[in-house]
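S.K.: Sequence and predicted model, in that order:
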Amino acid sequence: MNEQYHPEHVEAEAQAWWRDNQTFRAREDPAREKYYCLSMFPYPSGRLHMGHVRNYTIGDVMSRYQRMRGRNVLQPMGWDAFGLPAENAALQHGVPPASWTRQNIDYMREQLQRLGFAYDWSRELATCQPEYYRWEQWLFTRLLKKGIAFRRTAPVNWCPKDMTVLANEQVVDGCCWRCDTPVERREIPQWFLKITDYAQELLDALDEMEGWPEKVRTMQRNWIGRSEGVEIHFPIADAPAEALRVFTTRADTLMGATYVAVAPEHALAARAAQDRPHLAEFIESCRQAETSEAALETAEKRGMDTGLFVLHPLSGRRLPVWVANFVLMAYGEGAVMAVPGHDQRDWEFARKYQLPVEAVVVPEGFAGDPASRVAEAADEEKGVVVNSGEFDGLGFRDAVDAVAAKLGRLERGEKRVAFRLRDWGVSRQRYWGCPIPVIYCDACGIQPVPDEQLPVRLPEDVALDGAVSPLTRLEEFVTTQCPACGGAARRETDTFDTFMESSWYFARFTSPDCDTAMLDERAAYWLPVDQYIGGIEHAILHLLYARFFHRLMRDEGLVSTDEPFARLLTQGMVLKDGVKMSKSKGNTVDPEDLIARYGADTVRLFIVFASSPDQSLDWSDSGVEGAYRFLRRLWAFAVAQGATVRRAADSDPGDPAVRRELHALLRQADYDYRRNQFNTVASAAMKMLNLLQDAAGTQTPGRDATLREGLRMLLALLAPITPHIAQALWRDLGFGDTPVDGPWPVVDETALEQDQLELVVQVNGRLRDRIQVPAGADRQAIEAAALASEAVARHLQGKTLRKLVVVPGKLVNLVVS
RNA sequence: GCCGAGGUGGCGAAACUGGUAGACGCGCCGGACUCAAAAUCCGGUGGUGGCGACACCGUGUCGGUUCGACUCCGACCCUCGGUACCA
């Protein structure tokens, strides 16, 4: 055995052995308990960054730990290969997205392999492969027939100069990122999936998902945003047969409504604008806006009177109809009722445009002038209804019930549940994505592409120009035959949102080579994913879409569970000097350089050691040095003790003092592995090496057997984190070929027993002394020992003992005054 | 704007169910080895005061609950993630 630690040799050898033995090839085996561990697959951007390395290291540690504990582990890897960056690269460097993506994948695969992750590479997939997206297209055509997929208009960011649709990311300060032209909002027809049909189910299931962090469940609950309220119809004054529909959770304030507001795109606004140039101009100016919620909510609230009126559904009072830039067609009905007395946004809008503010709710027992309550700001608190005729005196709940009942009798409204969640827009006016499998026929309308014509392949030899997708100009792609009538027809040229591909890849990994169906019987063995690991930035969109998509597959009979991911770990970001590591900030650290210098095990160890997985991790070059130093020290120690360890027998008695500490460390590390706090596992391993090095310097009778036991324990503990060095030393010390299949070390409870305990003695909660007591000491004996302490006596002088708290095994607190 | 997190020594962090704040590592200081340096090894290291035993202060800020609070409650400040076409 080489005296020096040479990671490049150690790691190449271990990786070759795993490859030759197909160690990580996963095989379905109903007799064994499975463990499907999945890290979010990467977008093939070119090179791995530290965030990837961290994500995949955490996943690998969990996979290897579970395997050592006896589970049948599946850990696959693939590529989220469609997306915008490939188109940007194509524009910048003139490389077609397909070849750019494939080159990136080849490079990044090698980087992952160099890190020694225990992946079953035979299951690798890339979402840009027709063999993959074929089944996504297939499922979409089922959804189309079921009415889950539907078409309607929705707003997009439009750059009028480049004549192209922009992603929110491509809009900077309201302008196009390339040409700085102010962005417009445009309504265009798009495909949607009816996720709102599943809103209640997606919400309810969160309560049972105990393997998910509470923060993610809370975020999803808020995102779905279920609210109970009333839908109210305001008849239009000039055309009482028509009504403006609004939804409100505060129907108790209905009598305080003083105006209504509609979206600039609302039909009523357009109607009013026909003979009002000023209004038409205002509506036009509202198009000069981004589509993002953040931009919408922080933009200045502007509005204009349409001159039209609606009738209050209960009082018959005429209420003016305003157009407001903060009301969007896509949300709810595109109209809201305004109660400025009890809604702050309405209050500010009313104040700005001199609209009336009326108070219709006051706190219980309030005797003053209600108007005084809303003079300086809206009063959003719930209370007792006033100034509302027959509803006066009712509390919130009763008032809502009474208002809803009356609206119901008049057929002008009813109770309804509303969700904040909106249907999922899956159309993208982009090239590098999965073609939407739809054909438009002038005679037969919208036709799904028949199964036998799937996949609709994305043409790959195309030139991009930064404006419209090249698909729209590719005659041989666009021109086709109607599957129904055989006549000339056109293909859809939009592609799917890339969240579509990432919504089911976890399932496809179970049946990656199946070419007769989306999934086969192997899915039933492996699903659901037992442990999913990825960034917190995916807490809402990706994870909600995947949960939804899983249900779509369930309802198609493809999977049998409701939820795709049993347990979720959201890892923190990688920072450098306290700020996010990113290319734009120029503070990146290239994993490849580090691996070349220190080896994969050092990088893995540092990543695991520097922070707990769910916290952010601050990169430190000297911290990496520390990890490397530890591995070198471990290597030197194991080699130096090799002969001793190989000579000792497992049955020899050990050194009780060292064994007690050893097993206490093991117990803690075991606990930390189970609660996914790997940084303290690494710390326990370091303590263990320190302990064994100290023990090696002594001459106690059980020394050699304890070194043997301790080194085996230490290598097992480290094997999930630094698998290469662990395997090399495992072999050298004669423990076997590899630790990947365990056995996992077991805590020896008898080794932990103590006859003396140290207790802390506090006076008024402040540490004053420590005392030794026999392990079985009763309360009386403990009190006596505490009172016998000199330090305690000093602090008791001239004071009266009021109370004596004894926490068994921990401390004594004397309360004095 | 709204929703969700985070804030502990010079630095990364730990502290299990409210019970010894700062484990482990980095850095720094001192020492050993060396002609010298690197590497390695040994010791020290939250702040203030004191020769010292020791005392006081200390977990973003302000307040509260408790025998006892990094941990629980209330208000606030700052940083980060998401905000539906970045992935």
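M.R.: Happy to help now that I have it.
S.K.: Tell me which residues touch A:L594, please.
M.R.: Contacts for A:L594 (CB atoms under 8 Å, 6 or more residues apart in numbering) come out as A:T602, A:V603, A:V624. C-beta here means a position set from N, CA and C on the backbone, and glycine is covered the same way.
S.K.: can you tell me if the lowest-mean-pLDDT helix or strand in chain A touches RNA strand B.
M.R.: When the helices and strands of chain A are scored by mean pLDDT, DSSP states H and E, strand A:579-580 comes last with a mean of 76. Yes: counting by CB under 7 Å from any atom of the strand, contacts between strand A:579-580 and RNA strand B involve A:V579, A:K580.
S.K.: Run through who's touching that strand.
M.R.: A:M573, A:V574, A:K585, A:N587.
S.K.: Which single one of the residues you listed is nearest to RNA strand B?
M.R.: A:M573 (5.9 Å; CB to the nearest atom of the strand).
S.K.: part of a strand, is A:A241?
M.R.: Yes: according to DSSP: H, G, I helix; E, B strand; the rest coil, A:A241 belongs to a strand.
S.K.: Could you check how many residues crowd around it?
M.R.: 6 (other CB atoms under 10 Å).
S.K.: Please, which helix or strand holds A:S560?
M.R.: Under DSSP states H and E, no helix or strand contains A:S560.
S.K.: My guess is it contacts A:H550. True?
M.R.: No: using CB atoms under 8 Å, A:S560 makes no contact with A:H550, being 10.7 Å away.
S.K.: could you measure the residue nearest the centre of chain A against A:P213, distance?
M.R.: A centroid search over chain A (CA atoms, centre = their mean) returns A:A539, at 2.4 Å, as the residue closest to the centre. A:A539 is 8 Å from A:P213, where distance means CB to CB, to the nearest Å.
S.K.: tell me, what's touching those two both at once?
M.R.: Common neighbours of A:A539 and A:P213 (CB under 8 Å, 6+ apart) are A:T570.
S.K.: Can you tell me the strand partners of the strand or helix carrying A:W322 and which way each runs?
M.R.: A:W322 belongs to strand A:318-324 when elements are defined using DSSP H and E. According to DSSP bridges, strand A:318-324 forms sheet pairs with strand A:259-262 (parallel), strand A:303-311 (antiparallel).
S.K.: Tell me which of the ones you listed is the most buried.
M.R.: strand A:259-262 (a mean of 26; mean count of other CB atoms under 10 Å).
S.K.: Name the residues of the strand holding A:W322 that come out as buried.
M.R.: A:L319, A:P320, A:V321, A:W322, A:V323, A:A324 (16 or more other CB atoms under 10 Å).
S.K.: cool, stretch A:395-413 as well?
M.R.: A:F396, A:A399, A:V400, A:A402, A:V403, A:A404, A:K406, A:L407, A:R412, A:G413.
S.K.: Contacts for that stretch next, please.
M.R.: Here stretch A:395-413 has contacts from A:229-233, A:235, A:243, A:250-252, A:254, A:313-314, A:364, A:382-385, A:388, A:390-391, A:394, A:414-415, using CB under 8 Å, 6+ apart.
S.K.: Likewise for stretch A:422-431?
M.R.: The contact list for stretch A:422-431, computed with CB under 8 Å, 6+ apart, reads A:84, A:87, A:97, A:149, A:154, A:156, A:164-165, A:188, A:190-196, A:330-331, A:436, A:458, A:462, A:464, A:468-471, A:494-500, A:545, A:548.
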